[in-house]
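Novice: Sequence and predicted structure below; questions after.
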Amino acid sequence: MVSQEQRRRQLAREKFLRQQQRRTVARRKARTRNAAIASALAVVVIGSLALYTTGVLKGDDDSKANANAEVTPSPTSKAPDPCEKPAAGKVKKATWKNEPEMTIDKSAKYTMKLATTCGDIDIALKASAAPHTVNSFNFLAGKGYFDHSKCHRLTDSSIYVLQCGDPTGTGTGGPGYTIPDENLKDKSLKDNIYPAGTVAMANTNQPNTGGSQFFLVYQDSQLPPSYTPFGTVSASGMKVLKKIADAGAQPADPTTQNTAPNATVVINKATVTES
């Protein structure tokens, strides 16, 4: 027969075993719960790192910290177009067999105004130094040849020019005739530098091959003295050129290799006046 003392010890031992069992079960549950929490935290951390890497969280933080700050475009985004929509009208693509007859007064002063979508560009023409060129521009402007044509090329490295005067917008068009080179020893050309503000004729890199295409220099550019300088851009016109240049150029066209300006530069109307 079990004595009262033995029974007391047996009950105590069973109680101890039950306590141990409950502790074991509790520890097992705790380990399971902690493992689940750790896994969940790991997923959150990894997900947060992935989002930060792609800029999602960073952008959200930035937007909260800079809620009233000005939005800065991405470096790879295209610059906004600073110019207006072109005036209604179509380009005239007429050609002529021969250089026009000389009609200008070589001793008079002439100004060409390019009313463009980006603003007016006034150019003082050098009639006495480049009479054939000025006479040709007087003739072409009078025929509306430049009206509604795009300035098809902007260069922003090595040389800094905006090129216009081709109604086809490809860099291959012309009036059908050529004019002689002139004024290649202009006093403004020093050390093969065409200074900012110079307006000069484009050519085919061969002598006496100027047509209707011309370029406006918006920053000093090193070029061989083989492009007829025939005008100078006014101070207000230089501001327009700077606005166009600041908008940058597009990648080279795979067909024409032209780097067109990002700005929509269209000559709504060109006029030459005698003063």
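Specialist: Structure received.
Novice: only C-alpha atoms for contact and neighbour calcs from this point on.
Specialist: Will do.
Novice: Name the residue closest to the centre of this structure, please.
Specialist: Gly248 (3.1 Å; Cα atoms, centre = their mean).
Novice: after the lowest-mean-pLDDT helix or strand in the chain comes which helix or strand?
Specialist: Lowest by mean pLDDT, DSSP states H and E among the helices and strands of the chain is helix 56-65, with a mean of 33. Downstream of helix 56-65, the next assigned helix or strand under DSSP states H and E is strand 110-116.
Novice: re earlier: what's the separation between the residue nearest to the centre of the chain and Lys143?
Specialist: Going from Gly248 to Lys143 by Cα to Cα, to the nearest Å gives 31 Å.
Novice: next one: Asp186
Specialist: 29 Å.
Novice: can you check Gly197 too?
Specialist: Taken as Cα to Cα, the span from Gly197 to Lys143 is 26 Å.
Novice: The two: which is more packed in?
Specialist: The residue with more neighbours, out of Gly197 and Lys143 and counting by other Cα atoms under 10 Å, is Gly197; that gives 21 against 14.
Novice: my guess is the more buried one contacts Val217, does it?
Specialist: Yes: under the criterion of Cα atoms under 8 Å, Gly197 makes contact with Val217 at 5.4 Å.
Novice: where exactly do the helices run in the stretch 151-275 of the chain?
Specialist: Ranges of helices in the stretch 151-275 of the chain, per DSSP state H, counting those that start in this stretch, are 235-246.
Novice: Strands along that one, start to end?
Specialist: 153-154, 161-164, 193-194, 198-201, 214-217, 221-222, 229-233, 266-274 (DSSP state E, counting those that start in this stretch).
Novice: Tell me, how many residues neighbour the nearest residue to Asp181 once chain neighbours are set aside?
Specialist: Closest residue in space to Asp181, ignoring its immediate chain neighbours: Asn208 at 5.0 Å, by Cα to Cα, 6 or more residues apart in numbering. Number of residues near Asn208 (other Cα under 10 Å) recorded here: 16.
Novice: OK, contacts around Asn208?
Specialist: Counting by Cα atoms under 8 Å, 6 or more residues apart in numbering, Asn208 touches Thr178, Ile179, Pro180, Asp181.
Novice: How much space separates it from Lys92?
Specialist: Per Cα to Cα, Asn208 is found 24 Å from Lys92.
Novice: what stretches of the chain score poorly on pLDDT?
Specialist: Applying pLDDT under 70 to the chain flags residues 1-78.
Novice: run the last query once more with 80
Specialist: Filtered on pLDDT under 80, the chain yields the residue ranges 1-79.
Novice: Met112 versus Gly174, what's the distance?
Specialist: 19 Å.
Novice: so which of the strands of the stretch 151-275 of the chain comes closest to Gly119?
Specialist: strand 266-274 (9.5 Å; Cα to Cα).
Novice: What are the buried residues along the closest one?
Specialist: For strand 266-274, burial by neighbour count (16 or more other Cα atoms under 10 Å) applies to Val266, Ile267, Asn268, Lys269, Ala270, Thr271, Val272.
Novice: Excluding chain neighbours, give the residue nearest to the fourth one in space.
Specialist: With Cα to Cα, 6+ apart as the criterion, Lys269 has its nearest non-adjacent residue at 4.5 Å, and that residue is Asp147.
Novice: surely the one you found meets Thr271?
Specialist: No: counting by Cα under 8 Å, Asp147 does not reach Thr271; the two are 9.2 Å apart.
Novice: what is in contact with the two at once?
Specialist: Ala141.
Novice: returning to what we had before: around the closest residue to the residue nearest to the centre of the chain other than its chain neighbours, how many other residues sit close by?
Specialist: Of all residues not flanking Gly248 in the chain, Asn262 sits nearest, at 5.7 Å (Cα to Cα, 6+ apart). For Asn262, the neighbour count with other Cα under 10 Å is 22.
Novice: Would you confirm that Asn262 contacts Pro251?
Specialist: No: using Cα under 8 Å, Asn262 is not in contact with Pro251, being 9.6 Å away.
Novice: where do the contact lists of those two overlap?
Specialist: Joint contacts of Asn262 and Pro251 (Cα under 8 Å, 6+ apart) do not exist.
Novice: what's the neighbour count on the spatially closest residue to Lys90 that is not a sequence neighbour?
Specialist: Spatial nearest neighbour of Lys90, chain neighbours left out: His148 (6.0 Å); criterion: Cα to Cα, 6+ apart. Counted by other Cα under 10 Å, the residues lying close to His148 total 24.
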